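Q: Pasting the sequence and the predicted coordinates here, then a few questions.
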Amino acid sequence: MVALSWNTREDKKISQVYIALDTETTGLRPETDGIIEIGAVKFTADGKVLDTWNSFVNPQMPVPAKITRLTGIKSSDVSTAPFLRD
C-alpha cells in the first residue's frame with residue numbers, strides 16, 4: 001500500500017488528505033506475474049473516507065488457483081478488464 005497526501009483548504013482551515021493504493025497480483029515475481037486489481041481510498045487524517053475507486057486489470061495470463069483462493073479473483077473476472085497500459 002502507498003499513501004499520498006496533500007493539504008486542502010476548507011473554510012480557511014487546512015486539513016490533511018491521504019490516498020492509499022492497493023494492488024493484487026498473480027504472484028510475487030514482477031518479471032513473470034501481473035497486476036489483476038488496483039484500488040484506491042481517499043481519506044482524511046481522522047479516518048473519514050472521501051472517495052474510493054477500484055478496477056480489475058487484465059494480466060494477459062490466467063489467474064493461478066492459489067491467487068483465486070487468496071483474493072477471490074478469478075480469470076473470468078479479469079478477462080475483459082482493461083490492460084494495465086490502458
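A: Now that the structure is in, tell me what you want to look at.
Q: so where's the longest strand in the chain?
A: Longest among the strand segments of the chain by residue count, using DSSP state E, is strand 13-25.
Q: Strand partners (parallel or antiparallel) of the next helix-or-strand element following that strand?
A: Downstream of strand 13-25, the next assigned helix or strand under DSSP states H and E is strand 35-44. Here strand 35-44 is paired, per DSSP bridges, with strand 13-25 (antiparallel), strand 49-56 (antiparallel).
Q: Give the other helices and strands that the top helix by length along the chain contacts.
A: Scanning the chain for the helix with the most residues, using DSSP state H, yields helix 65-71. Packed against helix 65-71 by the contact rule (3 or more C-beta pairs under 8 Å, 6 or more residues apart in numbering; DSSP states H and E) you find strand 13-25, strand 35-44. Every C-beta, even on glycine, is put in place using the N, C-alpha and C of the backbone.
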